[in-house]
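Peer 1: need a 3D model of the following:
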Amino acid sequence: MRIIHLLVICALVFAAAYVYRIKMESTVRTERVLQLRADIREQREAIAGLQAEWAKLETPGRMQELATRYLSLKPVEATQYDQLKNLPPRPPNFIKPDDPDPIGSMIDTTDKNVDKESVTGSVPSPEERR
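Peer 2: Next comes the predicted model:
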């Protein structure tokens, strides 16, 4: 009987130590979570402050004041626009009207070279598209 009592007492001591270790780990993790939440709150407050500062810096009135102070810009006048007849000539067209579409022919060529095993189920095979 004494051996059984001794074994039960030892088991209780080990169980108590194990429960105590779990409690301490959970306490440490809880403190870490609280610290992380505090850090997140600080970062959000810093972000809110920076967003407020950014909104203040990009107000249209301030931008207009900076533009007039540092740039030599003038308002656009109607006389600054030119007539359509003074546009430069259209660039030459290198593709003749009867020639096939070069990009379309490249796509058709790649479609013909596609291996059936490489086509996924979400992309129809070239035969299914026709």
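
Peer 1: from now on I want contacts and neighbour counts done on CA atoms only, so please keep to that.
Peer 2: Noted.

Peer 1: over to Asp101: give its phi and psi.
Peer 2: Backbone torsions for Asp101, taken as degrees, to the nearest 10, come to phi -70, psi 120.

Peer 1: quick check: it vs Ile95, distance?
Peer 2: Distance, Asp101 to Ile95, by CA to CA, to the nearest Å: 9 Å.

Peer 1: repeat that for His5.
Peer 2: In terms of CA to CA, His5 sits 100 Å off from Ile95.

Peer 1: and the next helix or strand past the helix or strand encompassing Arg32?
Peer 2: Taking DSSP states H and E as the criterion, Arg32 maps to helix 2-57. Going down the chain from helix 2-57, the next helix or strand is helix 60-70, by DSSP H and E.

Peer 1: and Thr110, helix, strand or coil?
Peer 2: With DSSP: H, G, I helix; E, B strand; the rest coil as the basis, Thr110 sits in helix.

Peer 1: what sits against it?
Peer 2: With contacts defined as CA atoms under 8 Å, 6 or more residues apart in numbering, Thr110 has no neighbours.

Peer 1: per-residue confidence for it?
Peer 2: pLDDT recorded at Thr110 is 73.

Peer 1: got the buried residues for stretch 64-76?
Peer 2: Across stretch 64-76, burial judged by 16 or more other CA atoms under 10 Å covers no residue at all.
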